[in-house]
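> What follows is a protein structure lacking sequence information:
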């Protein structure tokens, strides 16, 4: 009402907006033509005093929402909708009653049953297993030489979807209702609806949630938690069939911002959904979004993050052996959120932290996240690194944010790498001693074994093994360091510089912080991979420069620098794509870890699909999204 100076605003499917009273008068006698662009509308607004349909959500990208509203208007009765045997009041969120135990979740579909119908379509060939590729830093070491910190890169790549459809073409379409081509998901969204989320923020959040809802299949389940001064479960864990989608959309549409911000209580209630559920889909995840500071749980000074661990329920700590293994993908919305808290929550749980600086890209950020969650093909990945000979010893394992352990005799190391999305990659650097070898022309160094589960076929204990060997000639001439090894060293060096610069910035010494980033940038430029034009090194350099710009003043650092650095660290340490800043497409570093399924989902988010009654064809129109970088002032 406020943008219309007291009059309701109607936004048509062609994206043009009008005063509701004016446009209803214009179309009263059957006119379906937009007065601005002359596009023909499929649906027109009309004055109907009997209608109780809420129009809190402005027209989202895509033409699906208007059709949903029409269907919903006929099913709404006295502000309630049926949910099985229960009735959920959607008029006022604060009136929603919730059970003490969240065991009212919808029963999951039997995925294994549907898979047996497609057994002939399953490709069990080696191409659809985990890939291990190893790169010694040099391919040969002279027989008379020893090397105490010899580096080996272990490169892992998850398989693509293994079940083929549509005449042999692999289907990654998440809305295929009964397809076993991907693992089914239990998703809980924990959303900030405090008073600061008024205006365009709540509208864009509703649009983003409608996109999420539309891209879940009937076998996926969704629950919605909202928090302000208190936390409420406004939608139980339900399958996203037609009824579930409609009711989820109605619950989202009824959101009204007010009150303070209790992030910890919202997260606690989101975890409770997973703890109490009766049934379980193979993949689970929490999406947590807030635009403010936690006003109810002050446990530490801003910037450092010590003490935030107590705000995360122990059941989702990633290093808790008995935990739920539910990652929290945290989204800091705008310039006023507590980036340190959100990063800590994601780091402790094994999720990611995304910084949404520009409000308009929230849907794309959500799209990237669910594009990953809807494509998990590897679970509980455990990497074992063993010395191939008794005289070898491991020096270190650099695994980023993944937990790694080294045995007391330094003969074996293990890495808990968690879940991988389809075609997602992981790189780990292992260093070891290479002794003199006078009796053989070849030397076996390491045995790499990956043990994991397939969430689609429910097969556990799958494994793949690779052996690392180097040549031992009498004289090793003209040995060049592997660009693959050099590239990953640069990634880790840049991430360490980001962490060091952040510490300096939190101490208030922005000059020292910028100096750290500059030194790292210069060092990277002198490496062989950078001089060879390696894309990752070019991107790292651009990112380090961006971080320097965001440390120009204390105000700039507080508003965006801290969140930008933390989101970058989350991405590089976890080797997983995050959204950050006012764009994720202006330079390639933000897409360094984006998988095909994530890119596909972002592309959908960035596209408006318009269908006209006269034409069976589609008109695709891009909207402002990650690629629409704004100039910061």
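Looks like it arrived, so ask away. Since the structure is predicted, the reported quantities are computational estimates derived from the model, not experimental observations.

> Grab the nearest non-local neighbour of residue 319.
Closest residue to residue 319 in three dimensions, ignoring its sequence neighbours and counting by CB to CB, 6 or more residues apart in numbering: residue 403, at 5.6 Å. C-betas here are computed from N, CA, C, even on glycine.

> let me redo that: residue 252
Once flanking residues are discounted, residue 252 sits nearest to residue 209: 4.6 Å by CB to CB, 6+ apart.

> picking that back up, what sits against the residue nearest to residue 319?
If you count contacts by CB atoms under 8 Å, 6 or more residues apart in numbering, residue 403 has them with 318, 319, 415, 416.

> if we can go back for a sec, show the model's pLDDT score for the residue nearest to residue 252.
According to the model's per-residue confidence, residue 209 sits at a pLDDT of 97.

> Just the element for it, please.
Residue 209 belongs to helix 200-214 when assigned by DSSP states H and E.

> for that helix, packing partners?
helix 64-75, strand 185-192, strand 221-227, helix 242-253, helix 362-373 (3 or more CB pairs under 8 Å, 6 or more residues apart in numbering; DSSP states H and E).

> Out of these, the one nearest residue 213 is which?
helix 242-253 (5.0 Å; CB to CB).

> tell me which residues in that closest one are buried?
For helix 242-253, the buried set under the neighbour-count rule, 16 or more other CB atoms under 10 Å, comprises 243, 244, 245, 246, 247, 248, 249, 250, 251, 252, 253.

> Any chance of the residues you listed in TSV with pLDDT and distance to residue 358 as columns?
TSV is the format used below for the buried residues of helix 242-253 (pLDDT from 0 to 100; distance: CB to CB, whole Å):
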residue	pLDDT	distance to residue 358
243	96	35
244	97	31
245	96	28
246	96	30
247	96	31
248	97	26
249	96	25
250	96	28
251	96	26
252	97	21
253	95	24
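
> Using TSV, lay out those together with distance to residue 361.
Rendered in TSV, the data for the buried residues of helix 242-253 read as follows (distance: CB to CB, whole Å):
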residue	distance to residue 361
243	31
244	27
245	24
246	27
247	28
248	22
249	21
250	26
251	24
252	19
253	22
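
> And those, which is closest to residue 350?
residue 248 (25.9 Å).

> Can you list the residue ranges for helices in the stretch 401-550 of the chain?
Here the stretch 401-550 of the chain has its helices, by DSSP state H, counting those that start in this stretch, at 483-506, 510-525, 528-531, 535-549.

> JSON lines for the ones you listed, including mean neighbour count, mean pLDDT and distance to residue 271?
As requested, those are arranged in JSON lines below (neighbours: other CB atoms under 10 Å; pLDDT from 0 to 100; distance: least, CB to CB, whole Å):
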{"stretch": "helix 483-506", "mean neighbour count": "20", "mean pLDDT": "97", "distance to residue 271": "28"}
{"stretch": "helix 510-525", "mean neighbour count": "18", "mean pLDDT": "98", "distance to residue 271": "35"}
{"stretch": "helix 528-531", "mean neighbour count": "18", "mean pLDDT": "94", "distance to residue 271": "42"}
{"stretch": "helix 535-549", "mean neighbour count": "20", "mean pLDDT": "94", "distance to residue 271": "33"}
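
> will you turn these into CSV that also has distance to residue 575?
Putting the helices of the stretch 401-550 of the chain into CSV (distance: least, CB to CB, whole Å) gives the following:
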stretch, distance to residue 575
helix 483-506, 8
helix 510-525, 18
helix 528-531, 17
helix 535-549, 11
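
> do you know which of those lies nearest residue 277?
When the helices of the stretch 401-550 of the chain are ranked by distance to residue 277, counting by CB to CB, first place goes to helix 483-506 at 35.9 Å.

> Would you mark the buried spots in stretch 135-151?
Of the residues in stretch 135-151, 135, 136, 137, 138, 140, 141, 142, 143, 147, 150, 151 count as buried by neighbour count, 16+ other CB under 10 Å.

> before we move on, what about stretch 270-285?
Buried residues in stretch 270-285, counted by 16+ other CB under 10 Å: 270, 271, 272, 273, 274, 277, 281, 282, 283, 284, 285.

> Quickly name whichever of those is closest to residue 233.
Minimum separation from residue 233 among the buried residues of stretch 270-285 (CB to CB) is found for residue 273, which lies at 6.9 Å.

> hang on, the closest one packs against residue 235?
No. Taking CB atoms under 8 Å as the definition, residue 273 is not a contact partner of residue 235, at 10.0 Å.

> where do the contact lists of those two overlap?
Counting by CB under 8 Å, 6+ apart, the residues touching both residue 273 and residue 235 are residue 223.

> Domains in the chain, by residue range?
Following the TED database, one gets these domains for the chain: 7-44, 131-160+379-480.

> What is the burial count for residue 296?
14 (other CB atoms under 10 Å).

> same check, this time on residue 320
For residue 320, the tally of surrounding residues (other CB under 10 Å) stands at 14.

> for it, what are its contacts?
With contacts defined as CB under 8 Å, 6+ apart, the neighbours of residue 320 are residue 314.

> which regions of the chain sit below the pLDDT cut-off?
The model of the chain has pLDDT under 70 over residues 1-7, 13-16, 21-22, 24-32, 35-96, 110-127, 162-180, 298-307, 581-590, 608-633.

> Tell me how far the nearest residue to residue 429 once chain neighbours are set aside lies from residue 573.
Distance criterion CB to CB, 6+ apart; nearest residue to residue 429, sequence neighbours excluded, is residue 398 at 4.3 Å. When distances are taken as CB to CB, to the nearest Å, residue 398 and residue 573 turn out to be 10 Å apart.

> Next: residue 215.
With CB to CB as the criterion, residue 215 and residue 573 are 28 Å apart.

> Does residue 290 touch residue 342 like I think?
Yes. Counting by CB under 8 Å, residue 342 is a contact partner of residue 290 at 7.1 Å.

> overlap in contacts of these two?
Where contact means CB under 8 Å, 6+ apart, the residues bridging residue 290 and residue 342 through contact with each are 331, 332.

> sec struct for residue 344, please.
Put simply, residue 344 is helix when judged by DSSP: H, G, I helix; E, B strand; the rest coil.

> Quick check: end-to-end length of stretch 331-350?
Taking CA to CA, to the nearest Å, the first and last residues of stretch 331-350 lie 14 Å apart.

> Now do the same contact list for residue 416.
With contacts defined as CB under 8 Å, 6+ apart, the neighbours of residue 416 are 381, 382, 402, 403, 404.

> Sort out which of the residues you listed are in strands and list them.
381, 382, 404 (DSSP state E).

> where's the last one relative to residue 104, distance?
Which is residue 404. With distances taken as CB to CB, residue 404 is found 40 Å from residue 104.

> looking at it, residue 184 is touching residue 279, isn't it?
No. Assessed by CB under 8 Å, residue 184 is found out of contact with residue 279, at 10.6 Å.

> any shared contact partners between those two?
Listed contacts common to residue 184 and residue 279 are residue 108; contacts here mean CB under 8 Å, 6+ apart.

> how far out from the middle of the chain is stretch 568-581?
For stretch 568-581, the separation from the chain centroid amounts to 9 Å (computed by CA atoms, centre = their mean, to the nearest Å).

> Number the chain from 42, please
Okay, residue one is now 42; in that scheme the one you just asked about reads as stretch 609-622.

> mind listing what's buried in that stretch?
Applying 16+ other CB under 10 Å to stretch 609-622 flags 609-622 as buried.

> Show only the entries of these found in strands.
Of the buried residues of stretch 609-622, none are assigned to strands by DSSP E.

> Which one of those is nearest to residue 578?
Closest to residue 578 out of the buried residues of stretch 609-622 is residue 613 (12.7 Å), distances taken as CB to CB.
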